[in-house]
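[1] my questions are about this predicted structure, shown below with the sequence.
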Amino acid sequence: MASFRAARLPKTAATEARRPDRMSRNIEKLRVPVSLALIGCAPLEGRLSLAPNAELHDGPETLLERLNARTRMLPFHRAEDDAFLLVVRSQVEWLAAGPEVAPQLVRTLHYQHTREEHVRVRLAGGATFDGVLAFEMPHEFNRVSDFLNGDEDFFPLRTARGTLLVHKDRVLDVQIRGLAAGRHAA
């Protein structure tokens, strides 16, 4: 049976210039403290990396933008053992920003909600969260179902412990409990 070996080019200035730099590049990121719940696991404490400049607005990328980006892997620095992990985005059940995190790092301040509803969200992993679902939708599509049927994978839920970013694919059901006080469709 024949064996094959990769052909090697002789070391020259031209071939060395084409080789990738073997040292990893450090890319500037903001490290934001979060609790991260992966499917079937206890929540992890650590820091999620965000870009210092958002693509669609002035200022840094937000946690919600990062979770709704089409990248598969999320850079996460686990607090318990100082390990750096690449977490599969589709396996995140929910994420909560630490209490010290500025609101503009959770979601953009440009977000102008037109409706707020009290809801109870039940997740496939067994967790249940009561909170307020605040959303911005055109008047004719200003229902909870319209909002949750949108393209984004994650949505913000304002709870007593802060804003949770919940993965729609992990939601079993949402019980609508009524309009939040003084909030109605614009």
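    Sure thing, it's come through. Numbering: from 1, shown residues only.
[2] packing partners of the helix or strand where Ser35 lies?
    Element membership for Ser35 (DSSP states H and E) is strand 30-38. Under the contact criterion of 3 or more Cβ pairs under 8 Å, 6 or more residues apart in numbering; DSSP states H and E, strand 30-38 touches strand 44-50, strand 92-97. Heads up, the C-betas are built off the backbone N, CA and C, glycines and all.
[3] where does the protein have low pLDDT?
    The model of the chain has pLDDT under 70 over residues 1-26, 110-112, 137-139, 141, 181-186.
[4] and the spatially most central residue of it, what does it touch?
    Centroid-nearest residue in the chain, with Cα atoms, centre = their mean: Leu67, separated by 2.3 Å. Counting by Cβ atoms under 8 Å, 6 or more residues apart in numbering, Leu67 touches 74, 89, 92, 95, 153-154, 165, 167.
[5] try Leu133
    116-119, 144, 147, 155-158, 174.
[6] so which of those are in strands?
    Among those, the residues falling in strands (DSSP state E) are 116-119, 155-158, 174.
[7] now the buried members of those.
    116-119, 155-157, 174 (16 or more other Cβ atoms under 10 Å).
[8] ok, these vs Ala127, which is closest?
    Relative to Ala127, the closest of those is Leu157; by Cβ to Cβ it sits at 11.3 Å.
[9] quick revisit: so what strands line up beside the strand holding Ser35?
    According to DSSP bridges, strand 30-38 forms sheet pairs with strand 44-50 (antiparallel), strand 92-97 (antiparallel).
[10] let's have those strands in JSON lines, adding mean neighbour count and distance to Glu80.
    Below are these laid out as JSON lines (neighbours: other Cβ atoms under 10 Å; distance: least, Cβ to Cβ, whole Å):
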{"stretch": "strand 44-50", "mean neighbour count": "19", "distance to Glu80": "7"}
{"stretch": "strand 92-97", "mean neighbour count": "24", "distance to Glu80": "17"}
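[11] tell me which of those strands lies nearest to Pro60.
    The nearest among the strands paired with strand 30-38, by Cβ to Cβ, is strand 44-50 at 5.9 Å.
[12] what sits up against that closest one?
    Residues outside strand 44-50 that contact it (Cβ under 8 Å, 6+ apart): 29-38, 60-63, 66, 74-80, 95, 105.
[13] counting neighbours, which of the residues you listed end up buried?
    Buried among the contacts of strand 44-50 (16+ other Cβ under 10 Å): 29, 32-38, 60-63, 66, 74-77, 95, 105.
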